[in-house]
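K.L.:
need coordinates for the following:
(one chain, ligands or ions: 1)
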Amino acid sequence: MEDYHILIVEDEEAILHYLKEALLLSGYQISAAQTLEEAKKILFCNPISTPDLILLDLNLPDGTGFSFCETICSKYQIPTIILTALDEDADIIRGLDLGADDYVTKPFTLAVLLSRIAAVIRRSKQTPKESDILRCQDITLNRKDISVTFQGNPIELTAGEYRLLEYLLINKNRTLTRDMLLSHLWDAEGKYVNDNTLTVMIKRLRSKFILESGQLIKTVRGIGYKLEDTYEN
Ligand code: CA
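P.N.:
Numbering: from 1, shown residues only. Modelled structure (predicted):
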């Protein structure tokens, strides 16, 4: 494995210690901070390198991870996973809306955390080159001629459904909040669609891509949706 550097921002001694040990064993380079102030010092005084990922606790002695996520992670484009005991949907949504790449709720299992970390790092290292062909499992979307096929068969979509699918494909394997989706969708008259319309659009899209093995567009309860590419997992 390459030497990826993870900055852990966590004030609880026991969790911090556990994370450090586990991630070191998995081959990551680690730096750790127990406050936002320490985290900033590490980022700007650069002891090792700019982190490839930040694991960010939300409740910290000198503030919340939200502000950090907004001002530091997003601004400097450092991939971030929120680690939170607050598994309330509103907090998760807020974090994702502020630019976090993923979240893990405490208590977590190490296997899940490691796979989320690997996925976010992998995604961040892909060149963001906008490709003309977007794929997820049996769905292929061609941006050149604005066409979509499923299992090789052409699929008719409305303009709105196409935009929704395109956005899901660009962000596949990532949880998108309803607000993120709503801010990318507008109707034929150029008006943003409302919540109900989004629900209907998702329903319609789902009815056009039916797999025996289950839904391609997963509902992330209380948060939003995720297009999952099981071929890549
Ligand atoms: Ca905490």
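K.L.:
list of residues touching stretch 120-134?
P.N.:
Under the criterion CB atoms under 8 Å, 6 or more residues apart in numbering, residues 4, 52-53, 79, 81, 101-102, 140-144, 166, 169-170, 173-174 lie in contact with stretch 120-134. Placement of C-beta: from N, CA and C, glycine included.
K.L.:
among those residues, name the buried ones.
P.N.:
4, 52-53, 79, 81, 101-102, 140-141, 166, 169-170, 173-174 (16 or more other CB atoms under 10 Å).
K.L.:
what does the chain have sitting close to the ion?
P.N.:
11, 57, 59 (CB under 5 Å from the ion).
K.L.:
PyMOL command to pick out the buried ones of those residues?
P.N.:
Here is the PyMOL selection string for the buried members of the residues of the chain next to the ion, based on 16+ other CB under 10 Å:
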select buried, resi 11+57
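K.L.:
could I get the buried ones among the contacts of stretch 120-134 as CSV with secondary structure and distance to Asp89?
P.N.:
Formatted as CSV, these follow (DSSP: H, G, I helix; E, B strand; the rest coil; distance: CB to CB, whole Å):
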residue, secondary structure, distance to Asp89
Tyr4, coil, 30
Asp52, coil, 28
Leu53, strand, 24
Pro79, coil, 22
Ile81, strand, 17
Asp101, coil, 18
Asp102, strand, 15
Thr140, strand, 33
Leu141, strand, 29
Glu166, helix, 26
Leu169, helix, 25
Ile170, helix, 24
Asn173, coil, 20
Arg174, coil, 17
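K.L.:
I figured Arg174 hits Lys226, correct?
P.N.:
Yes: using CB atoms under 8 Å, Arg174 makes contact with Lys226 at a distance of 6.6 Å.
K.L.:
chain neighbours aside, what residue packs nearest to Cys69?
P.N.:
Counting by CB to CB, 6 or more residues apart in numbering, Leu98 is the residue found nearest to Cys69 once chain neighbours are left out, at 4.6 Å.
K.L.:
then Gln215?
P.N.:
Counting by CB to CB, 6+ apart, the residue nearest Gln215 is Arg206, at 6.2 Å.
K.L.:
where does the one you found land in three-state SS?
P.N.:
helix (DSSP: H, G, I helix; E, B strand; the rest coil).
K.L.:
give me the most central residue, this protein.
P.N.:
Asp101 (3.4 Å; CA atoms, centre = their mean).
K.L.:
OK, contacts around it?
P.N.:
Asp101 is in contact with 79-81, 120, 123-124, 174, counting by CB under 8 Å, 6+ apart.
K.L.:
between the residues you listed, which is closest to Leu113?
P.N.:
Closest to Leu113 out of those is Ile81 (8.1 Å), distances taken as CB to CB.
K.L.:
which strand residues sit across from the closest one in the sheet?
P.N.:
Counting by DSSP bridges, Ile81 is bridged to Leu55, Asp102.
K.L.:
ok, now how distant is the closest residue to Cys73 other than its chain neighbours from Ala119?
P.N.:
Spatial nearest neighbour of Cys73, excluding adjacent residues (CB to CB, 6+ apart): Thr80 at 4.1 Å. For Thr80, the distance to Ala119 equals 13 Å [CB to CB, to the nearest Å].
K.L.:
good, wrapping up.
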